[in-house]
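Asker: Take a look and give me a structure for this.
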Amino acid sequence: MKKLFLITLLAQVLLLAQESKQNMFQTESFLTQTTIQINKVLPLTVNSDTRLDKVWAKEKNLFYSYTLLQYSKANVKAKELNGALKMQAIHEICTDPSIRIYVQNGVTINHIYSDQDAKRITEFKVLPSDCGFKD
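Answerer: Reported below is the predicted structural model:
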């Protein structure tokens, strides 16, 4: 994941934290405002193979939609790719304080990957429990 959108997330968290005393992570409006801020910098090239296209919220979930720029669904082993991407996402989410705070507060992070022709290849969730927190 690119540090730019994580910094944007952190800035949004800090801004809204000053405005709210309740558990802001569990409110749809907070998550929606977070996605609005992230979407302002999208699409964002994550690396030579991946572009983050859109982020949205629903209930206590954040959804990240990516395009794999160099891949076609027909030429990808989705199960193997899913495993590798999920392991990387879990590591990054659980170790980066700017995003870990979301799962720490009960938000599930969903990743959706499509190929260069917008065909869905794989998707997975990173649950709070994946980082040792209560779901």
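Asker: now the strands: where do they sit in this structure?
Answerer: Remark: strands assigned in the chain by DSSP state E are 44-47, 50-58, 61-68, 108-114, 120-126.
Asker: Adjacent strands (with direction) for the second one?
Answerer: Read it as strand 50-58. When pairs are called by DSSP bridges, strand 50-58 turns out to pair with strand 44-47 (antiparallel), strand 61-68 (antiparallel).
Asker: Would you mind checking the average pLDDT for that strand?
Answerer: Throughout strand 50-58, pLDDT has a mean value of 96.
Asker: Run the angle between it and strand 108-114 for me.
Answerer: For strand 50-58 against strand 108-114, the angle by axes from the mean of the first three to the mean of the last three C-alpha atoms, to 10 degrees is 140 degrees.
Asker: For strand 50-58, list the C-alpha coordinates in PDB.
Answerer: Below are the C-alpha coordinates for strand 50-58, written out as PDB (Å, rounded to 0.1, in the frame of the first residue of the first chain):
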ATOM      1  CA  THR A  50      -1.400  -2.400  -8.900                       C
ATOM      2  CA  ARG A  51      -3.600   0.700  -8.900                       C
ATOM      3  CA  LEU A  52      -6.000   1.600  -6.100                       C
ATOM      4  CA  ASP A  53      -9.200   2.800  -7.900                       C
ATOM      5  CA  LYS A  54     -11.900   3.400  -5.300                       C
ATOM      6  CA  VAL A  55     -12.600   3.100  -1.600                       C
ATOM      7  CA  TRP A  56     -16.000   3.000   0.000                       C
ATOM      8  CA  ALA A  57     -17.600   2.200   3.300                       C
ATOM      9  CA  LYS A  58     -20.600   0.200   4.300                       C
END
